[in-house]
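> What follows is a predicted protein model with its sequence.
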Amino acid sequence: MSERSSLVRGMRDLYEDELANIRLVETVFSETLESYGYALIRLPIMERTALFSRGIGEATDAVSKEMFTFDDETESLSLRPEGTASCVRAVIDANMYRGHQPKLWYIGSMFRHERPQLGRYREFYQVGAEAFGFSGPDVDTELIRIVQDVWESLELAEEITLEINTLGNTPSRKQHRDALVEYLAQYKAQLDEDSQRRLEQNPLRILDSKNEQTQKIIEQAPSISDYLDAESRRHFDEFQERLVRLGIRATVNPNLVRGLDYYTHSVFEWNTDKLGAQKQVGGGGRYDGLCELLGGAPCPAAGFAIGVDRVALLRNELGLASQASSPDVYVVALSDDEEDYALQVAAKVRAASSLSVRVHQGAGKVKARMRAADRSGATIALIIGAQEAASNQVSLKWLRINREQVTVPVAELPSTLLNSN
RNA sequence: GUGGAUGUAGCUCAGUGGUAGAGCCCCGGAUUGUGGUUCCGGAUGUCGAGGGUUCAAAUCCCUUCAUCCACCCCA
């Protein structure tokens, strides 16, 4: 016997109810984004490693220890750990932003080499949107409004909270960073190990440390709000005012910094407390410097990314699971002799309606065939025995409601089915 | 990457050294052309994998893989 093959760690086969929920989330995002005029862009799963180390940041965990990276002949390639860097690269490559302000959305698998747990997988699905060429906070709030629309469509608005913050523009950010490093350096010995390391590489990230002692030190740390210049302050104020006008509730969290390096000005995260340790279902913000950083012309931009798996999982946890689709109609030939006739009937129903029709296959006694019809979840069984076949008729039985079975000529079948709801 | 728990039938699980079990599911019959309820009967296992100890291992030991939880990180 050959060795049984099995799933690679952190990968999943998706089917039935779990997939149904994921597809629902994807569909709602797709329809909502298209309704706001965002255009789908399909991006490759693999990029040069350098794109991510430059675009996302060498010091981030996502890049430094979570990427699937391998050497291909002369260059290092990686499976994408997120979508923004690829999207920006594509916009630069095709010069899409020359005289235009593209609004794009994407969906697909992302890969991170982490220890799997509930709501966290090595291949996971993200849907994201990016708007290029707009520097005002009206775009930031539009992105949030889009996601809010999705939460409402998915009946999740009550379960997901929004946190916001600003990181300021580059000069403000630098001033704050310097002050922060100076402050934290005094307490270096008391910081947790990770934070000590970050002091050099990525001091902002220390702000969202969960370590208790570190948090105490952070309470007194210089806040970004004291270092915002006039432009940065105006952007953030208007951002917040617009959220209020759009009827969106948000909490300002001064320690919200996001894990990825490219953000400026507005940053935001959507959280839930219903998924165990996995709190975050999505996040986003403004990244005015990224296009230039990746070798393009300067171009303001903002975007978000949502974890499709986590949103679907949240619906599951709340009992909002959508069900895998069942056929509408199940055609049962009572013996193999009527099989050809049953296939013709099924073809007629498909041609005359949009109903999904499944035909019984395989041998079996009548009882077993009817049981299969019931189990398929179909609402109607079309029963075909010798009598029906001989007289060009079909017996129609409702499986989910109490209604008397009828036998009708095949020609009348489509209208009978359409009137049967 | 670190720590802890778990892995036995399709599913949920019992079984702690001596013949692998239950419930649900599935199949057949009661009901020769009618499912879903009821009654009767039946089938089903690399006990996660590999190695070791033992007369004997699902059970004890080692290794490994996977899942779950927490940390970390993020979606």
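Noted; the coordinates are in hand. Numbers count the residues shown, from 1 in each chain, chains lettered A, B, ... in the order given.
> Is stretch A:155-168 positioned near RNA strand B?
No. Stretch A:155-168 lies apart from RNA strand B when judged by Cβ under 7 Å from any atom of the strand; the minimum separation is 10.8 Å. To be clear about C-beta, it is placed using only N, CA and C from the backbone, and glycine gets the same treatment.
> Just the CA trace of that stretch, in CSV.
Extracted in CSV, the C-alpha atoms of stretch A:155-168 (Å, rounded to 0.1, in the frame of the first residue of the first chain):
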residue,chain,number,x,y,z
GLU,A,155,-25.4,41.1,9.8
LEU,A,156,-22.1,41.7,11.6
ALA,A,157,-22.3,45.4,12.3
GLU,A,158,-23.0,44.8,16.0
GLU,A,159,-20.1,42.5,16.5
ILE,A,160,-17.3,44.4,14.9
THR,A,161,-15.8,47.6,16.3
LEU,A,162,-13.6,50.1,14.6
GLU,A,163,-10.5,51.7,16.0
ILE,A,164,-8.7,54.6,14.4
ASN,A,165,-5.5,56.6,14.8
THR,A,166,-3.2,58.8,12.9
LEU,A,167,0.5,58.3,12.3
GLY,A,168,0.9,61.8,10.8
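> Next, the buried residues of it.
A:156, A:159-160, A:162-168 (16 or more other Cβ atoms under 10 Å).
> now swap in stretch A:411-421 and tell me
Buried residues in stretch A:411-421, counted by 16+ other Cβ under 10 Å: A:413, A:417.
> Average pLDDT for that stretch, rounded please.
Averaging pLDDT along stretch A:411-421 yields 83.
> Could you give the separation of it from the chain centroid?
39 Å (Cα atoms, centre = their mean, to the nearest Å).
> does any part of it sit near RNA strand B?
No. Stretch A:411-421 stays clear of RNA strand B (Cβ under 7 Å from any atom of the strand), getting no nearer than 14.5 Å.
> which residue packs closest to the residue of the stretch 251-400 of chain A found nearest RNA strand B, ignoring adjacent ones?
The stretch 251-400 of chain A approaches RNA strand B most closely through residue A:259 (2.0 Å), counting by Cβ to the nearest atom of the strand. Excluding the flanking residues, the one nearest residue A:259 by Cβ to Cβ, 6 or more residues apart in numbering is residue A:60, at 5.9 Å.
> surely the one you found meets residue A:202?
Yes. Between residue A:60 and residue A:202 there is a contact at 7.2 Å, judged by Cβ atoms under 8 Å.
> These two: who's more crowded?
Under the neighbour definition other Cβ atoms under 10 Å, residue A:60 and residue A:202 were set side by side, and residue A:60 has more, 22 against 18.
> And the buried residues of stretch A:155-168, which is closest to residue A:363?
residue A:156 (46.4 Å; Cβ to Cβ).
> Could you confirm that closest one falls within a strand?
No. Residue A:156 is assigned coil when assessed by DSSP: H, G, I helix; E, B strand; the rest coil, not a strand.
> Identify the residues contacting it.
For residue A:156, the contact set (Cβ atoms under 8 Å, 6 or more residues apart in numbering) comprises A:311, A:314-315, A:318, A:320.
> pLDDT, neighbour count and secondary structure for the residues you listed - can I get that in CSV?
CSV is the format used below for the contacts of residue A:156 (pLDDT from 0 to 100; neighbours: other Cβ atoms under 10 Å; DSSP: H, G, I helix; E, B strand; the rest coil):
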residue, pLDDT, neighbour count, secondary structure
A:311, 94, 30, helix
A:314, 90, 24, helix
A:315, 90, 20, helix
A:318, 85, 15, coil
A:320, 83, 15, coil
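> How about the residues of the stretch 201-350 of chain A by RNA strand B?
Counting by Cβ under 7 Å from any atom of the strand, the residues of the stretch 201-350 of chain A near RNA strand B are A:205, A:208-211, A:258-260, A:269-270, A:276-283, A:305-307, A:309-310, A:334.
> Report the buried members of those.
A:205, A:208-209, A:258-260, A:269-270, A:278, A:280-283, A:305-307, A:309-310, A:334.
> if you look at those residues, which of them are in helices?
Judged by DSSP state H, helices contain the following of these: A:309-310.
> What distance do you get for the residue most central in space within chain A to residue A:225?
In chain A, the residue lying closest to the centroid (Cα atoms, centre = their mean) is residue A:308, at 2.7 Å. Distance, residue A:308 to residue A:225, by Cβ to Cβ, to the nearest Å: 34 Å.
> And for residue A:367?
The gap separating residue A:367 from residue A:225 is 73 Å, by Cβ to Cβ.
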